[in-house]
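Engineer: here's a sequence, model it:
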Amino acid sequence: MTLISLKKLISKKEISSLIADLIETLDSSVSIIDVNGSLLIGNSIFSSSNKFPIQLSEEVIGWVFGGDKASSLASLLTYIAGKELEKKTLAREVLDRYKEINLLYNISGKLSACLDLKEIAKLVIDEARRLIKTTNASAMLLNEKTGKLEIIAAFGQEYQHKTTLFPGEGIAGSVFHLGNAEIVNDVESDSRFIPGNNKIKSLICAPLKTQNVVLGVLNLSSKELVNYTAQDLKLFTALASQAAAAIENALLHENKLREARIKSNLERYVPAQVVEAILDPQEDISLVPAKKDISILFSDIRNFTTKCEELEPEAIVEYLNEYFTHMVEVIFSHGGTVNKFVGDMIVAMFGAPSTLVDSERRAIETAIEMQKRIKTIPVAWIRDNFLTGIGISSGEVVVGNVGSPQHMDYTAIGDKVNIASRLQSMAKGEQILVSRSIYESTKHLFEFKEIGSVQVKGKKEAVEVFEVLY
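Structural biologist: A predicted model of the protein is given here:
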């Protein structure tokens, strides 16, 4: 396609003057016509005149008629037309570059402030529509669950028809698979084209590609034949690149929010340290069963079964939840982890999964505060009826995930666990009983009353028991 008008070229003052001077030196009649045969210079064309082409690259844009010397004028005009084309090409490239920089500047500012996937896609589509001729546009992302490319935002007919494609399927699927942008100016002649409800003739498609992965594709199409250019593709690809970076950022943000929700939900059921170990296996905390020195605390409400008969089940559950909320808060504040709830009983560990150098002291401080906290719970019925007995023991146990591949509990197993459980069973309401190991480690910190050796269920040897006075 000719980008230079010979008429406009020779009408320029400096060129017109140059031509006039040259014609005067030729000393013969000269005429110039354009490619359409319009006479631009001269009065007429004589049949006896020579005919010399004025060319732009390989294309003839006009003719010079005259004597033999008129060929020099044709050569000059060919040279000038070439230079004019170079200037226009350079100017167009500069303009295109400016448009590209301006586009990226504007869109990056908008995208950087957006963390919503659909909003990002809409911003990019709107910008693309403003710059490139189109009747339809869409942004497709790969759904990891379905394995399909799905439209998350669209303009035109595609908005009504939620097309999905597998990677490698159709033109868009192929662009996603290969990761290279494409122009298809006659889609019906492309063997990859899958006809749908939407009639399209031309298509430009670019991958939403980050440094490491292709997230989806960006499509522009027209229901009429359009000659999309390499410059269109360049702009569109730059736009898609900006969009991909913003989408990746939004996906990371979504993942962080999802991880926070999962973590929050998990922490309702398992200790926070265990949740950290589950979510990040690189952490130092291990869930693999292993021997460890810990302190174990058992707490149980005295005569709870009898109390349950006085209230409706819903009321009992409500009171238990209130009670557990306070007790768990106390245990967490002293660095303990809640191992499990068994009915109204609480089992807590100090020193697992994270190591605590003074687990015995923390366990006793926890027990004392638990007893005192019950008296401050703002529900009179709980204050009047929930009397708990607490047993604490310490020593080496096996701690870690125990169970089947389908279900596991993070728990402690060992003789010290059994002793803590038996001490709890022996303890009266508001009483805290501990083993000798706890007593020996903390006797300089707390006041104790020696109960003596007690034969507990399941133990061949008697257990020395001490009561914490508080």
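Engineer: quick check: closest non-adjacent residue to N339.
Structural biologist: V347 (4.3 Å; Cβ to Cβ, 6 or more residues apart in numbering). C-beta: built from backbone N, CA, C; applies to glycine.
Engineer: name the residues that touch the helix or strand encompassing the one you found?
Structural biologist: Take DSSP states H and E as the rule and V347 turns out to sit in strand 345-350. With contact meaning Cβ atoms under 8 Å, 6 or more residues apart in numbering, strand 345-350 is reached by 294-301, 324, 327-328, 331, 334-341, 356, 359-360, 362-363, 366, 399, 412, 424.
Engineer: kindly recompute the last result at 7 Å.
Structural biologist: The contact list for strand 345-350, computed with Cβ atoms under 7 Å, 6 or more residues apart in numbering, reads 294-300, 327, 331, 335-340, 356, 359, 362-363, 412.
Engineer: beyond the helix-or-strand element of the chain with minimal mean pLDDT, next helix or strand please.
Structural biologist: One helix or strand of the chain scores below all others by mean pLDDT, DSSP states H and E: helix 272-279, with a mean of 67. Following helix 272-279 in sequence order, the next helix or strand is strand 290-301 (DSSP H and E).
Engineer: that next one vs strand 345-350, what angle?
Structural biologist: 140 degrees (axes from the mean of the first three to the mean of the last three Cα atoms, to 10 degrees).
Engineer: helices or strands next to the helix ranked longest in the chain in the packing?
Structural biologist: Using DSSP state H to assign secondary structure, the helix with the most residues in the chain is helix 70-112. The helices and strands touching helix 70-112, judged by 3 or more Cβ pairs under 7 Å, 6 or more residues apart in numbering; DSSP states H and E, are helix 6-11, helix 13-26, strand 50-56, strand 59-66, helix 117-131, helix 230-266.
Engineer: list of residues touching the first one?
Structural biologist: Yep, that's helix 6-11 we're talking about. Contacts for helix 6-11 (Cβ under 7 Å, 6+ apart): 15-16, 19, 32, 34, 40-41, 54, 61-62, 80-81, 84.
Engineer: and of these, the nearest to T25?
Structural biologist: I19 (11.0 Å; Cβ to Cβ).
Engineer: so what's the residue count around the closest one?
Structural biologist: By other Cβ atoms under 10 Å, 21 other residues sit near I19.
Engineer: please apply the same query to T229.
Structural biologist: 13.
Engineer: just to revisit the earlier point, report pLDDT for the residue nearest to N339.
Structural biologist: V347 carries a pLDDT value of 95.
Engineer: do the same with L297
Structural biologist: pLDDT at L297 comes out at 97.
Engineer: just the strands in the stretch 301-450 of the chain please.
Structural biologist: Per DSSP state E, counting those that start in this stretch, the stretch 301-450 of the chain carries strands over the ranges 337-342, 345-350, 388-403, 408-413, 432-435, 447-454.
Engineer: how about K83, what does it touch?
Structural biologist: K83 touches nothing, counting by Cβ under 7 Å, 6+ apart.
Engineer: ok, now how distant is it from G452?
Structural biologist: Distance of K83 to G452, given as Cβ to Cβ, to the nearest Å: 112 Å.
Engineer: my guess is Q455 contacts A462, does it?
Structural biologist: Yes. At 5.0 Å, Q455 and A462 qualify as touching, with contact defined as Cβ atoms under 7 Å.
Engineer: count residues in the vicinity of K201, would you?
Structural biologist: Neighbour tally, K201, other Cβ under 10 Å: 16.
Engineer: give the contact list for the closest residue to it other than its chain neighbours.
Structural biologist: Leaving aside its sequence neighbours, K201 sits nearest to L225 (Cβ to Cβ, 6+ apart; 4.6 Å). Residues near L225 by Cβ under 7 Å, 6+ apart: N185, D186, K201, S202.
Engineer: please repeat the previous calculation with a cut-off of 10 Å.
Structural biologist: N185, D186, V187, E188, I200, K201, S202 (Cβ atoms under 10 Å, 6 or more residues apart in numbering).
Engineer: distance check, it against T237.
Structural biologist: 22 Å.
Engineer: ditto for I107
Structural biologist: 13 Å.
Engineer: please identify which of those two sits among more neighbours.
Structural biologist: In this view I107 and T237 are compared by other Cβ under 10 Å, and I107 has more residues nearby, 21 against 17.
Engineer: I'd say the more buried one and I125 touch.
Structural biologist: No. I107 lies out of contact with I125 (Cβ atoms under 10 Å); the separation is 11.1 Å.
Engineer: anything in contact with each of these two?
Structural biologist: By Cβ under 10 Å, 6+ apart, the residues touching both I107 and I125 are L239, A243.
Engineer: adding distance to G147 and mean pLDDT, write the helices and strands packed on helix 70-112 out as CSV.
Structural biologist: What follows is the helices and strands packed on helix 70-112, written out as CSV (distance: least, Cβ to Cβ, whole Å; pLDDT from 0 to 100):
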stretch, distance to G147, mean pLDDT
helix 6-11, 57, 90
helix 13-26, 63, 87
strand 50-56, 52, 90
strand 59-66, 50, 90
helix 117-131, 18, 88
helix 230-266, 17, 86
